[in-house]
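Colleague: predicted coordinates and the sequence they were generated for:
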Amino acid sequence: MEFWIEFGEEPLVTLRARRRSERVSQLSLTLQDYVLSRSIGRGNTSDVRLATGPDGREVAVKLPLPATLRQHDAAERFGNEVRLTLKFQHPHVVRGFAGTPFGPGAFLALFYYPDGPLSGRLRGQPLPSREALRILADIASALAYLHRLGAVHQDVKPQNVYVSDGRAALGDLGSAYFVAQGSKTSGSPYYMAPEVYHGESTSGASDVYSLGVMAWELLTGARPFTGNSYAELMVAHLSRFPAPLASLRPELPRALCRLLDRTFAKRPHERPTADALHRALLEALGEPPPNHEDTLPGDALPASAQQSGRHTAAPRVAQSLPEAPGKPDGTRPTRRNWNPFRRKG
Ligand SMILES: Nc1ncnc2c1ncn2[C@@H]1O[C@H](COP(=O)(O)OP(=O)(O)OP(=O)(O)O)[C@@H](O)[C@H]1O
């Protein structure tokens, strides 16, 4: 049996029952070239289905919830995730295969991670050092890439990190944006930098702060800032510092611990860059420094990674925009009279 769900003029989704007796939840849905099966996760804005792609490969297909399509901001966020996921090509950014950013046929086909997000593996215990450093190096590499292209992720946290064969990738680009275009400030309270709590604009340094929070969590088994309410969390992020990492993980290289401690600087320009962190993490793993030529610029996407449907073009970006100017140790230059507790407007 086969029937169509029609949206406006064009039939976009085919519903095909495998057997007449199957319940609706067991129906297989075909969306463009993807045959969808069971749900593998649900977020605030989307349902994620396991699917089989045109080449027979298993993929994760993200479908906006009906409420997402009805709310302008949520629909824009989904469209943004589709555009940017297909734009960015990096070994440690979750790979997108195809998608439609807007409308009732909106979807995003992603590389499938059978173990789900990293957050599901954290049980209040530290990860083994090497495993944690490997994950952190991969995510620092993804951030260094985004920052070189002039983009900010805005939601770095273990819920948005996926691991396969010991290698990690950063997902959920719904809040990511190009600095040249501007965007709403956003983040997740346990991982948000002080400037985000202040409602100021974010930068690569805000991602570095979130990466530092995640690093502390992976290496110690606990979050560095806790609270029973948003207000308590805000006070913690704005005024406290966690214990020096070297006191909790003395086997780690001192220089790396000091750099990770500095990700908690309240002033964004005092934090190391993602690139400096990536280099220090690779050194701690005994690996050579990064070679930035191993990543494709966003404009050189293979034909297979194309989106369809209405979308806003992201700004063209240089192949290798420089990192924000910094000192040789990876610290950004200081701005005089910068007051971390100033609120805008
Ligand atoms: N590529 C993937 N591979 C495997 N599972 C995935 C993948 N992407 C998402 N999931 C699963 O789907 C869940 C929901 O995904 P995600 O958090 O990205 O949805 P979302 O609606 O964009 O989230 P939110 O709007 O709350 O940030 C994840 O927690 C995870 O369990």
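Modeller: Happy to help now that I have it.

Colleague: same for the helix ranked longest in the chain, what does it pack against?
Modeller: If you go by DSSP state H, the chain has its longest helix at helix 129-148. Counting contacts by 3 or more Cβ pairs under 8 Å, 6 or more residues apart in numbering; DSSP states H and E, helix 129-148 is packed against strand 161-164, strand 167-170, helix 204-220, helix 274-284. (C-beta placed from N, C-alpha, C; glycine too.)

Colleague: deepest of the ones you listed, which one?
Modeller: helix 204-220 (a mean of 25; mean count of other Cβ atoms under 10 Å).

Colleague: that one near the ligand anywhere?
Modeller: No: Helix 204-220 stays clear of the ligand (Cβ under 6 Å from any ligand atom), getting no nearer than 13.9 Å.

Colleague: put the alpha carbons of that helix into PDB.
Modeller: Output in PDB follows, covering the C-alpha atoms of helix 204-220 (Å, rounded to 0.1, in the frame of the first residue of the first chain):
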ATOM      1  CA  GLY A 204      35.200  32.600  19.200                       C
ATOM      2  CA  ALA A 205      36.300  33.200  22.800                       C
ATOM      3  CA  SER A 206      32.800  32.300  24.000                       C
ATOM      4  CA  ASP A 207      33.100  28.900  22.300                       C
ATOM      5  CA  VAL A 208      36.600  28.500  24.000                       C
ATOM      6  CA  TYR A 209      35.000  29.100  27.400                       C
ATOM      7  CA  SER A 210      32.300  26.500  26.700                       C
ATOM      8  CA  LEU A 211      35.000  24.100  25.500                       C
ATOM      9  CA  GLY A 212      36.900  24.700  28.800                       C
ATOM     10  CA  VAL A 213      33.800  23.900  30.800                       C
ATOM     11  CA  MET A 214      33.400  20.600  28.800                       C
ATOM     12  CA  ALA A 215      37.100  19.900  29.300                       C
ATOM     13  CA  TRP A 216      36.800  20.200  33.100                       C
ATOM     14  CA  GLU A 217      33.800  18.000  33.000                       C
ATOM     15  CA  LEU A 218      35.500  15.200  31.000                       C
ATOM     16  CA  LEU A 219      38.700  15.400  33.000                       C
ATOM     17  CA  THR A 220      37.200  15.600  36.500                       C
END
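
Colleague: how far off helix 204-220 does the next helix-or-strand element following it point, in degrees?
Modeller: Later in the chain than helix 204-220, the nearest helix or strand by DSSP states H and E is helix 230-239. With axes from the mean of the first three to the mean of the last three Cα atoms, to 10 degrees as the basis, helix 230-239 and helix 204-220 are set at 100 degrees to each other.

Colleague: chain center to helix 230-239: distance?
Modeller: 23 Å (Cα atoms, centre = their mean, to the nearest Å).

Colleague: so what touches it?
Modeller: Outside helix 230-239, the residues that touch it by Cβ atoms under 8 Å, 6 or more residues apart in numbering are 189-190, 192-194, 197, 225-227, 266, 340-341.
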